[in-house]
Each structure stands twice: as C-alpha cells, then as structure tokens.
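J.: here's my sequence, what's the structure:
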Amino acid sequence: MRGLLSRLILNTLALWLVSLLYPGVAFAPGAGVVDYLVAGAIWGLANALLRPLFLFLTLPLNLLTFGLFTWVVNGALLYLVAQATALEVRGFLEALLGAFLLSLVSLFLNWLFRD
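T.: Just a heads-up that it's a prediction; the model follows:
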C-alpha cells in the first residue's frame with residue numbers, strides 16, 4: 001500500500017510541476033488538491049492499464065519508428081486523462097510535448113525519491 005500511495009503522490013506532483021512549467025498543460029482555474037490527486041490517480045491507472053494495450057496495438061508502428069511512436073501513445077494518454085479530469089490540454093501537439101515533459105519530470109522525481 002505504501003508503494004501505491006507514493007506512486008499517487010509522485011504522479012500528482014509530476015502533473016502539477018508540468019502544469020507550472022508548460023502553459024499547454026494546465027489545471028482548470030479553481031482546481032484544488034483533490035482535483036490534482038484525482039488527475040494523478042487517473043494518470044497512474046491509464047499508464048498501468050491502457051498504456052500496455054495501446055503499445056501492443058501500435059507495435060508495428062513502434063518497430064517502424066524505432067520506438068518514437070511511444071511518445072504519440074503517451075500524448076494520447078495525457079489527452080485522454082485531460083478529458084476525464086480537471087487537467088486541461090490545449091491540443092494534441094501540446095499533449096505530445098506535455099507527455100514528453102511529464103516523462104522527464106517523472107524520471108527526475110523517481111530518481112530523487114527512489115527507495
């Protein structure tokens with residue numbers, strides 16, 4: 001349970017930091033901590049449940065692009081999460097860049113708070 005809670009907090013923190021760093025991804029005005037936590041939870045569930053399915057379905061494109069199509073999958077997931085939460089993404093290109101920044105921020109946070 002401790003690992004699940006720490007994942008939720010790191011996902012939420014990463015989404016919040018990306019929303020501060022990049023204007024293409026932001027939380028709705030008036031969004032509170034609960035909205036951030038819900039977005040972090042849905043982002044974590046999307047990465048755990050939908051991402052493997054999307055990567056499997058796009059395997060030929062991923063092989064053809066040497067794995068670069070994974071960014072498109074990550075951008076699509078971020079765009080889907082934004083549709084279901086208080087997170088706002090201005091468009092799909094912003095979702096692609098936001099997903100790239102989110103992966104960098106998550107990488108840094110996971111390195112910083114590793115067990």
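J.: from what I can see, P23 looks like it's in a strand, true?
T.: No: read with DSSP: H, G, I helix; E, B strand; the rest coil, P23 is coil and lies in no strand.
J.: that one: how many residues sit nearby?
T.: P23: 10 surrounding residues under other C-beta atoms under 10 Å. (C-beta placed from N, C-alpha, C; glycine too.)
J.: any idea of the pLDDT on it?
T.: As predicted, P23 sits at a pLDDT of 93.
J.: what of L50?
T.: 95.
J.: ok, now the one 5 residues further on?
T.: Among the per-residue scores, L55 holds a pLDDT of 96.
J.: excluding its backbone neighbours, what's nearest it?
T.: Nearest residue to L55, sequence neighbours excluded (C-beta to C-beta, 6 or more residues apart in numbering): V73, at 6.0 Å.
J.: same for the helix or strand containing the one you found, what does it pack against?
T.: In the assignment (DSSP states H and E), V73 maps to helix 69-84. Judged by 3 or more C-beta pairs under 8 Å, 6 or more residues apart in numbering; DSSP states H and E, the packing partners of helix 69-84 are helix 33-45, helix 51-57, helix 59-64, strand 87-89, helix 92-112.
J.: angle of that helix against helix 33-45?
T.: If you take axes from the mean of the first three to the mean of the last three C-alpha atoms, to 10 degrees, helix 69-84 sits at 140 degrees to helix 33-45.
J.: list the buried residues for helix 69-84?
T.: The neighbour-count check on helix 69-84 (16 or more other C-beta atoms under 10 Å) flags 69-70, 72-82 as buried.
J.: C-alpha coordinates for it, CSV please?
T.: Coordinates of each C-alpha in helix 69-84 appear next as CSV, following Å, rounded to 0.1, in the frame of the first residue of the first chain:
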residue,chain,number,x,y,z
PHE,A,69,5.7,6.3,-31.6
THR,A,70,5.6,5.7,-27.9
TRP,A,71,5.6,9.5,-27.5
VAL,A,72,2.4,9.6,-29.5
VAL,A,73,0.9,6.9,-27.2
ASN,A,74,1.9,8.9,-24.2
GLY,A,75,0.5,12.1,-25.6
ALA,A,76,-2.8,10.3,-26.4
LEU,A,77,-3.0,9.0,-22.8
LEU,A,78,-2.3,12.5,-21.5
TYR,A,79,-5.0,13.9,-23.7
LEU,A,80,-7.5,11.2,-22.5
VAL,A,81,-6.7,11.9,-18.9
ALA,A,82,-7.3,15.6,-19.5
GLN,A,83,-10.8,14.8,-20.9
ALA,A,84,-11.7,13.0,-17.7
